[in-house]
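Enquirer: Please find the sequence and the predicted model below.
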Amino acid sequence: MSSTVYSPTGQWSAGARYTAPGDVDVLISNAGGDTAHFDVTADDTAPAITVGQGHPVQPGTSRAMTLRAGERLWLAGRTVVTLGVLAP
């Protein structure tokens, strides 16, 4: 599993976005002290919802999911988030 550490902001940002190169399993881990949020889109257009409406990942927890080829995972929040990706 490869992993990338993100330090997202309080807004949806391309700097905290991951594009799935194929169908992949990912693990979002929140190592920080604040709630992180995520959303998934089909293209590079930022989510149409506010960060607070995104799916929460509480501090000290992880969330596993599968991304389909081409989907974008957007991360936001004032915390440190590690994204682990299992090779397709």
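Expert: Received it, and whenever you're ready, just let me know what you need. In this text the structure is predicted, and so the values were computed from the model without any measurement.

Enquirer: Point out where the chain drops to low pLDDT.
Expert: Under the criterion pLDDT under 70, the flagged ranges of the chain are 87-88.

Enquirer: contacting residues for the spatially most central residue of it?
Expert: The centroid of the chain falls nearest to Leu75 when counting by Cα atoms, centre = their mean (3.8 Å). By Cβ atoms under 8 Å, 6 or more residues apart in numbering, the residues touching Leu75 are Tyr6, Pro8, Ala16, Arg17, Tyr18, Ile28, Ala36, His37, Phe38, Val81, Leu83. Bear in mind the C-beta positions are built from the backbone N, C-alpha and C, glycine included.

Enquirer: Beta-bridge partners for it, please?
Expert: Counting by DSSP bridges, Leu75 forms beta bridges with Phe38.

Enquirer: leaving aside the residues next to it on the chain, what's closest to Val51?
Expert: Ala76 (4.3 Å; Cβ to Cβ, 6 or more residues apart in numbering).

Enquirer: same deal with Ser3?
Expert: Nearest non-adjacent residue to Ser3, counting by Cβ to Cβ, 6+ apart: Gly84, 4.4 Å away.

Enquirer: go on, Asp44?
Expert: Using Cβ to Cβ, 6+ apart, the closest residue to Asp44 is Arg72 (6.5 Å).

Enquirer: do the same with Gly77
Expert: Ala36 (3.8 Å).

Enquirer: Run a quick neighbour tally on that neighbour.
Expert: Neighbourhood size, Ala36 [other Cβ atoms under 10 Å]: 28.

Enquirer: Could you check how far it is from Thr9?
Expert: Applying Cβ to Cβ, to the nearest Å, the value for Ala36 to Thr9 is 11 Å.

Enquirer: hey, what's in contact with both of those two?
Expert: Common contacts of Ala36 and Thr9 (Cβ under 8 Å, 6+ apart): Ala76.

Enquirer: Ser3 sits in which helix or strand?
Expert: strand 2-6 (DSSP states H and E).

Enquirer: which residues does the residue nearest to Ser3 bridge with?
Expert: Bridge pairing for Gly84 (DSSP bridges) gives the partners Ser3, Leu27.
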